[in-house]
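>>> Please find the sequence and the predicted model below.
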Amino acid sequence: YALYRAKREHRGSAVVFSARYEAEMRDVSRVKQVLRDSDLEAELYLLFQPQYDIMRNRPVAFEALARWQSAVLGPVTPDVFIVAAERSGLIERVSEILLRKALAAAAVWPQEIGLSFNLSAVDLVSTSAIARLCTIVGESGVAPGRVTFELTETAMMSDFEKARASMEMLASLGCRIALDDFGSGYSSFGYIHRFPLHKIKTDRNFVVRLGEDKAVGFGILRAIIELCANLGVECIVEGVETANEVDTVRAAGARYIQGYHFGRPMTAVAAGDYLDAEMAGEDLKAS
Ligand code: C2E
Ligand code: MG
Ligand code: MG
Ligand code: MG
């Protein structure tokens, strides 16, 4: 995975690539070691980023984004520590801690506000891990219908049958399933109908593309949004940073948007304030 990521970030530069790759491998093994010795319950926390409905002008959910404030390493980005946790057998514990914390935050939001939670590929192929996550949702007091699990295509394809069984287990509890970062890999609509999928989140690179090659980027985005509509799958456009980008993706047919323009990842307390402000806006609109 690190190899894949290094490749993506440094396309076409073999020298940078190998140096970077070695550095990453060193990082991951150090991080694995520290993870094992840390009080993860105390050091892991979540930030929450709003998902916005531009038709009704209000937030509809927050995505929970993991953060690790290590006593030894300082802040470690999720791209690094999730991989380290996967490779050290700690991911199930990490996912459980994070899901409990995410649900505790969601429990105080209005009922109509959803929670989106990222699952790792390793969680997805473990029946026992998924069963425990289902139990945690069941015990949380948060209605399962408010909870969406985000999965990447790589995770879904790593073991097709197990992934499908896990997704069906989550869906039968009433939870929703989102395909995350659609368009970053070998995205294909050919297999989507074989999974119980409720939402597709487009990769940020489509919005970046709007700035580079507007006509092509716009056309692709519009086609994806239309295909989602035809499949009965909700589409969330990720990575929208400016008002200009909002206008463009709206013109492409987008309704649900997540990105810095509507809010950066924020603490649970800030998310509560954000909702208060948005709900106050609702009251004004209604009166
Ligand atoms: P993701 O699930 O695709 O999350 C979206 C990432 O894009 C987040 O980075 C978010 O901060 C960033 N982002 C959102 N809006 C914008 C924008 O407008 N512009 C830009 N430039 N970036 C934006 P973050 O928080 O660093 O998370 C990175 C990845 O780490 C996530 O990608 C997800 O794959 C993984 N991750 C995060 N939390 C968890 C978790 O609890 N469990 C697991 N298994 N993976 C997680
Ligand atoms: Mg996500
Ligand atoms: Mg994403
Ligand atoms: Mg991502």
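Alright, I've got the coordinates. Numbering: from 1, shown residues only. Ligands and ions are numbered 1, 2, ... in the order given.
>>> Strands along the stretch 151-287 of the chain, start to end?
Using DSSP state E, counting those that start in this stretch, the strands assigned to the stretch 151-287 of the chain run over residues 176-182, 199-202, 234-238, 256-258.
>>> neighbouring contacts of the shortest one?
Pointing back at strand 256-258 there. Strand 256-258 is contacted by residues 49-54, 60, 63, 201, 234-240, 246, 249 when judged by C-beta atoms under 8 Å, 6 or more residues apart in numbering. C-beta: built from backbone N, CA, C; applies to glycine.
>>> can you tell me the average pLDDT over it?
For strand 256-258, mean pLDDT is 98.
>>> buried residues in it?
Neighbour counts over strand 256-258 (16 or more other C-beta atoms under 10 Å) mark 256-258 as buried.
>>> Just give me the closest of those to ligand 2.
residue 258 (8.7 Å; C-beta to the ion).
>>> Tell me the spacing between the closest one and residue 239.
Counting by C-beta to C-beta, to the nearest Å, the gap from residue 258 to residue 239 is 8 Å.
>>> Equivalent analysis for residue 141, please.
Distance from residue 141 to residue 239, by C-beta to C-beta: 32 Å.
>>> Between these two, tell me which one has more neighbours.
More crowded of residue 141 and residue 239, by other C-beta atoms under 10 Å: residue 239, with 20 against 10.
>>> can you tell me how far the more buried one sits from ligand 3?
8 Å (C-beta to the ion, to the nearest Å).
>>> same thing with residue 83?
16 Å.
>>> so what pLDDT did that residue get?
So, for residue 83, pLDDT stands at 94.
>>> That one reaches residue 27, doesn't it?
No - contact criterion C-beta atoms under 8 Å: residue 83 and residue 27 do not qualify, at 9.5 Å.
>>> Give the residue from these two that has the larger number of neighbours.
Set residue 83 next to residue 27 and count neighbours by other C-beta under 10 Å: residue 83 wins out with 21 against 17.
>>> what about the more buried one, which helix or strand?
helix 78-87 (DSSP states H and E).
>>> How about residue 30?
Element membership for residue 30, per DSSP H and E: helix 14-37.
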